[in-house]
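1. Have a look at this prediction, sequence included:
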Amino acid sequence: MYNISMAKKIKKETLLQIGGLILCIGAFAGAVLAVTKMISKPKIDESDVSTYAGPTRQASTYLYNGKNYQLKQDMEVIVIMGIDDRESIGDSNSYINNSQADVLYVYAIDHANKTFQAIQLNRDTVTGVQTYSADGTKGNIVPTQLCLAHSYGKTEAGRCLNTVEAISALLFNMPVDHYISLDMDAISILNEQVGGVTVTVPAGLESLDPAFVEGATVTLHGDQAELFVRSRQSLENDTNEFRMQRQQIFMNAWKEQVNAKMATDSSFALNMVFSLSDYMTSDMSANALSDFASLLSDYQDLGTLKTVGETFEADANRAYREYYVDSQDLEAKVIEMFYEEAV
């Protein structure tokens, strides 16, 4: 499943051998497995020449509404996350830091039916998170915001793995095969690569920028992309749900513009590789990601689901929120996406 040792940096010379495929996870979480013919520069060992062979684990079974279910044939599960505050991690020898997974997607890759579908998770979702002391001693599993799972771990790979394990538990012990993470500082780079993402502005953003008038069509430039995607606490509607809505608007528009760029510019894919090279982490090798992207080029995108739940203010200053997911609704979505009735 996870291979922490692979999450290292590769050289630019290795990228040149990858070819024209780029798998790019979008401006923050990359729900962009739909963007085919693109592969990122994951921080992995350039000596790793393994190719993608799909998941090797045995199918998991699950009892739901009195019936036995099993993972769909050739199902693969990939967690994609957008990481915030990576530069403020602090002491590199400590297992406690300030880095958070602000954007979280879980993908169901159905190789048998050649489809893929995502579920977007709220960063504020309260779930069990494995804690550590500064010296790496395991602490208790405590109920806290899902995004904080990434605050525990000495390395980026370790932090990603801790997040993956929290997500797996949240999704009723769903097996996870791989992860891909992207530093959210890459938003402006992704935006400028397509000449500015053009979005339709929702209500409630006027205080961020005079151009952000409800219903206006705006091509984002400069710091506008980060304001549009990441702003929360300065807004009247400062919920994470509103931020997730804007993230999806940005992503959908970005994907359309990427496809248009690739159709007219043969060098676009390679330029994107180098632009994102320092922002990506994955447990998959470059060759494996390349082969994986080739497979997905023929797959149908079934869209993105969202959880149902309720947000509560956890302090008087509204600086900390807790989102409690409707577990019955989530369980139904997990069964729908990942499982089939056992024969």
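-> Thanks, I have the structure now.
2. Output the contacting helices and strands for the helix or strand where Val164 lies.
-> Taking DSSP states H and E as the definition, Val164 sits inside helix 156-170. The contact analysis (3 or more Cβ pairs under 8 Å, 6 or more residues apart in numbering; DSSP states H and E) places helix 156-170 against strand 75-84, strand 100-110, strand 126-132, strand 178-183, strand 280-282. Bear in mind the C-beta positions are built from the backbone N, C-alpha and C, glycine included.
3. Show me how far that helix is from its chain's centre.
-> Its chain's C-alpha centre and that of helix 156-170 lie 12 Å apart, by Cα atoms, centre = their mean, to the nearest Å.
4. contacting residues around that helix?
-> 2, 4, 7, 43, 79, 81, 83, 86, 95, 97, 99, 101, 104, 106, 121, 125, 127-130, 146, 149-153, 174-176, 179, 181, 281, 283, 325, 330 (Cβ atoms under 8 Å, 6 or more residues apart in numbering).
5. Output it as PDB - backbone C-alpha positions only.
-> This file holds the C-alpha atoms of helix 156-170, laid out as PDB (Å, rounded to 0.1, in the frame of the first residue of the first chain):
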ATOM      1  CA  GLU A 156       6.100  15.000   4.600                       C
ATOM      2  CA  ALA A 157       5.600  11.400   3.700                       C
ATOM      3  CA  GLY A 158       4.900  10.600   7.400                       C
ATOM      4  CA  ARG A 159       2.400  13.400   7.700                       C
ATOM      5  CA  CYS A 160       0.600  12.300   4.500                       C
ATOM      6  CA  LEU A 161       0.500   8.700   5.800                       C
ATOM      7  CA  ASN A 162      -1.000   9.900   9.100                       C
ATOM      8  CA  THR A 163      -3.700  11.800   7.100                       C
ATOM      9  CA  VAL A 164      -4.400   8.800   4.900                       C
ATOM     10  CA  GLU A 165      -4.900   6.600   8.000                       C
ATOM     11  CA  ALA A 166      -7.300   9.000   9.500                       C
ATOM     12  CA  ILE A 167      -9.300   9.200   6.300                       C
ATOM     13  CA  SER A 168      -9.300   5.400   6.000                       C
ATOM     14  CA  ALA A 169     -10.800   5.100   9.500                       C
ATOM     15  CA  LEU A 170     -13.400   7.900   8.800                       C
END
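6. Could I get the average pLDDT for that helix?
-> Averaged over helix 156-170, pLDDT sits at 93.
7. all numbers from here: first residue = 176
-> Let's use 176 as the start, then, which means that last one is helix 331-345.
8. show me the contacts for Phe425.
-> With contact set as Cβ under 8 Å, 6+ apart, Phe425 has these partners: 202, 372, 374, 395, 400, 403-404.
9. one step back: would you mind giving the helices and strands packed on helix 331-345 as TSV with distance to Ala386 and mean pLDDT added?
-> What follows is these, written out as TSV (distance: least, Cβ to Cβ, whole Å; pLDDT from 0 to 100):
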stretch	distance to Ala386	mean pLDDT
strand 250-259	24	88
strand 275-285	24	90
strand 301-307	36	95
strand 353-358	26	84
strand 455-457	31	79
